[in-house]
Structure formats: structure tokens, C-alpha cells
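K.L.:
give the three-dimensional model of this entry:
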Amino acid sequence: MEFNIQAKDPGSKARAGEITTGHGIIQTPIFMPVGTVGTVKAVHFSELETEVQAQIILGNTYHLYLRPGLEALKMVGGLHKFNTWSRPILTDSGGYQVFSLAERRKITEEGVKFQSHIDGSKHLFTPENVMDTQRVIGADIIMAFDECTPYPCEKTYATNSMHLTHRWLDRCVKRFSETEPLYGYQQALFPIVQGSVYPDLRKQSAEYIASKGMPGNAIGGLSVGEPAEDMYAMTELVCDILPADKPRYLMGVGTPANILEGIALGVDMFDCVMPTRNGRNGMMFTTQGIINIKNKKWEHDFSPIDEFSPASTSRRHSKAYLRHLFAANELLGLQIASINNISFYLWMVGEARKQILAGTFASWKDSAIKTFMQRL
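P.N.:
Residues are numbered from 1 along each chain as shown. The predicted model follows:
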């Protein structure tokens with residue numbers, strides 16, 4: 001994997017670059033739609049390619065390990081072959097499930113014992129077998145196994161968890177270096193910075209992660225309930241320490257405002273379930289602001305969902321029609337909403353990239369956030 005910075009914004013720490021992988025080039029800053037079990041919910045791959053114009057999608061190691069399972073993925077030649085997505089894929093290691101499935105897991109030095117949310121069966125994830133699993137899945141970018149701490153989190157717990165994440169990272173790097181990719185293209189391992197909202201821990205973790213010299217680095221354990229100002233403060237602190245010549249990935253973030261503020265702090269990569277999850281519940285992100293399509297005010301509004309959207313779906317269908325689909329519980333409504341929202345997110349980071357290249361990002365950002373976050 002290669003990363004080349006093409007421009008830096010003079011008024012912020014934002015930068016525009018390109019990541020080259022075995023499945024194509026990713027232009028940064030980039031938003032990555034979440035495809036947890038090998039599919040971005042309610043969106044067909046042809047729509048991801050044409051309407052949404054996604055450059056990279058995510059998969060999740062924990063979920064793919066359970067279904068369809070490693071045997072099927074290895075037989076077919078990895079996730080790219082299984083779901084027919086020919087562009088880059090990134091896989092989360094399952095570390096987030098250590099956080100989100102707290103009632104179903106037990107953490108030890110060896111790893112994490114999980115109880116499947118599907119059938120209750122018991123499984124053990126270790127740094128070593130998580131690397132092996134991601135080799136089988138075959139993502140272009142794979143994540144180190146970590147513990148994502150909750151918020152709020154006592155400092156003693158955050159400290160112990162951070163050190164455990166670092167020890168697990170050492171084991172991940174060792175196993176990764178001892179194994180080879182299975183499908184004829186290279187994979188890149190990203191470590192993850194932890195430390196909750198404690199500046200001294202974040203600094204220590206960022207320095208440790210940077211010392212590993214991996215092709216890229218991730219920032220985890222944020223957007224888990226902490227105030228936005230804490231998230232921004234920790235992000236800025238970490239970005240100032242992580243190598244400038246490597247892509248920085250802020251995991252699980254977030255709103256349009258979160259993403260644009262993150263870009264201003266030097267982040268290159270983002271992912272979040274918000275555009276699809278909120279879309280399925282009627283929240284539409286548009287170039288003019290946020291719409292709750294279920295509100296009665298849209299019942300007789302026959303203007304396009306977003307006349308300025310790059311997605312023809314959003315320009316073709318009216319707010320009234322989409323509201324009708326939601327009222328009638330029609331699945332097409334979920335599909336249109338998801339396409340609209342992911343298209344907006346990809347358009348937004350694309351606009352941010354244009355502004356960085358033009359040297360005008362800092363002045364554009366504040367007005368863009370005000371527009372994108374207003375309720376219509």
C-alpha cells in the first residue's frame with residue numbers, strides 16, 4: 001500500500017492524498033460505507049459503484065467469521081470474490097465487538113472469549129487468529145485486534161486496556177509478518193490508538209503505535225458517547241503525533257460536522273453506520289440540510305429529495321414520494337434513503353478534497369457545517 005499527499009490546506013491541517021491498494025486507488029479524504037456482513041444494507045453493489053461512487057467499503061471480521069464463515073470465504077477466494085466487489089475493502093478486527101457485545105464476552109491476556117449473538121456458541125479471538133481470519137477474508141486494509149473502551153471509563157481501566165491493546169498489537173504484527181496474503185495481492189495492517197479521553201494516555205498510545213512503522217494508523221475508542229469537544233481534542237493530539245506520511249483513520253465517525261472537523265485536524269479516512277442506519281429511519285442528509293422525511297410537512301412537497309445530489313435517485317424522486325414509501329412500509333424507501341445518504345457523504349468528502357486542493361478548505365468548512373447540519 002502506498003500513500004501520497006497531493007495538497008495541504010494552508011488554513012488547517014487538512015490534506016488531500018491518494019492511497020494505492022491492490023484493488024485500486026482511494027482518493028482522500030474518504031468516507032467508507034459500512035458493509036458489516038459483506039453488504040451495505042439496502043444498497044446493491046451496482047448502485048454503490050455508479051450512484052454512490054464508493055471507492056472502498058468495510059467488512060467486519062467478527063460477523064464474517066460467524067457468517068458465512070471462513071470455510072466458504074476461503075473456498076471462493078475471499079470476500080471480494082464472494083460479494084463481487086472489485087474495489088478496496090477494509091476489515092475491522094472485531095475489537096469494536098469487544099465493546100459493543102460487553103455482555104457476551106470475557107477479556108483475558110490471551111484474547112476475548114465471545115458468545116455468538118446468533119446461536120450462543122462460544123468462540124475465542126486472539127491477536128493471532130484474528131490476523132489469520134483477516135488473511136482469509138482478504139481485505140486490502142486490515143485492523144489490529146484491540147479493546148475499544150467505553151465512555152465514561154475510569155483512568156485505571158483505560159490505562160490497563162491501552163497496555164493490553166499494545167501487547168496485542170505486538171502479537172498481531174508478529175503473526176502478520178509470519179504469514180502471507182492468500183489471494184495474490186498485498187494487505188496492509190493498521191494499528192489502533194486507544195486511551196479513552198485522557199490526553200497523557202492518548203499521547204503514549206499514539207507514540208507507541210507510530211513506532212511500529214505500519215503503512216497506516218487508526219484512532220479508535222472515540223464517538224462512543226464522549227462530548228464532541230473531547231473527540232476533537234483527542235483527535236488533534238493524536239494526529240499531531242502519528243506520522244504525517246501515513247493515512248490516518250478515525251474509526252466510527254460520524255456526523256457531517258464530525259467528519260469535516262476531523263478532516264481539518266488531519267484525518268484522511270472515516271466510516272460510520274449513520275448514513276444508512278439513520279436513512280432507514282427516515283433521516284435524510286442533503287446538500288441543503290437534514291430532513292426527517294416522515295414529517296407531514298413533506299406530504300405534498302413534490303420537489304426532488306436533493307436536487308443538487310450527484311445521485312440521480314435523489315434528483316429523480318420527490319420528498320412526497322419518499323415520505324409515501326415510508327408511510328407504506330415499502331422497502332424501496334429504505335433503498336432510496338440509503339443511496340441518498342451515502343451519496344451525500346461521498347459528495348461531501350469529495351467537495352472537501354476539492355477545497356483542499358484549491359487551498360480554500362478552512363474558509364469553506366464552517367459554512368458547509370452550518371448548512372449541512374441545519375434541520376429543514
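K.L.:
from here on, contacts and neighbour counts on C-alpha atoms
P.N.:
OK.
K.L.:
what about the strands in the stretch 1-150 of the chain?
P.N.:
2-8, 15-21, 24-28, 30-32, 57-60, 89-92, 105-107, 112-115, 122-125, 141-143 (DSSP state E, counting those that start in this stretch).
K.L.:
wait, which of the ones you listed is closest to T371?
P.N.:
Closest of the strands of the stretch 1-150 of the chain to T371 is strand 30-32, at 19.0 Å (criterion: C-alpha to C-alpha).
K.L.:
elements contacting the closest one?
P.N.:
strand 269-271, helix 331-358 (3 or more C-alpha pairs under 8 Å, 6 or more residues apart in numbering; DSSP states H and E).
K.L.:
L79 and T133, how far apart?
P.N.:
11 Å (C-alpha to C-alpha, to the nearest Å).
K.L.:
pull the residues that contact the strand or helix carrying F176.
P.N.:
Taking DSSP states H and E as the criterion, F176 maps to helix 155-178. With C-alpha atoms under 8 Å, 6 or more residues apart in numbering as the test, helix 155-178 has contacts from 109, 127-128, 131-132, 144-147, 149, 189, 191, 194-196, 198, 201, 205, 208-209.
K.L.:
ok, the most centrally placed residue in the chain - contacts?
P.N.:
Nearest residue to the geometric centre of the chain (C-alpha atoms, centre = their mean): D271, 1.9 Å. Residues in contact with D271, defined by C-alpha under 8 Å, 6+ apart, are 31-34, 58, 250-254.
K.L.:
run the last query once more with 10 Å
P.N.:
Contacts here follow C-alpha atoms under 10 Å, 6 or more residues apart in numbering; on that basis D271 touches 30-34, 57-58, 249-254, 259.
K.L.:
kindly report the same for K296.
P.N.:
So K296 contacts 320, 323 (C-alpha under 10 Å, 6+ apart).
K.L.:
swap in 7 Å and give it another go.
P.N.:
By C-alpha atoms under 7 Å, 6 or more residues apart in numbering, K296 lies in contact with nothing.
K.L.:
nearest residue to A54 other than its sequence neighbours?
P.N.:
Leaving out its chain neighbours, the residue that sits closest to A54 by C-alpha to C-alpha, 6 or more residues apart in numbering is L48, at 5.6 Å.
K.L.:
report all helices and strands that the helix or strand hosting I290 contacts.
P.N.:
I290 belongs to strand 289-292 when assigned by DSSP H and E. On a contact count with 3 or more C-alpha pairs under 7 Å, 6 or more residues apart in numbering; DSSP states H and E, strand 289-292 meets strand 283-286, helix 361-372.
K.L.:
so who does the residue sitting furthest away from the middle of the chain touch?
P.N.:
Largest separation from the mean C-alpha position in the chain: H300, at 35.9 Å (C-alpha atoms, centre = their mean). By C-alpha under 7 Å, 6+ apart, the contact list for H300 reads A320.
K.L.:
after the strand holding I290, next one along is what?
P.N.:
Downstream of strand 289-292 (by DSSP H and E), the next one is helix 312-316.
K.L.:
tell me which residues in that next one are buried?
P.N.:
Neighbour counts over helix 312-316 (16 or more other C-alpha atoms under 10 Å) mark 312-315 as buried.
K.L.:
count the residues that sit near E299.
P.N.:
Using other C-alpha atoms under 10 Å, E299 has 16 other residues around it.
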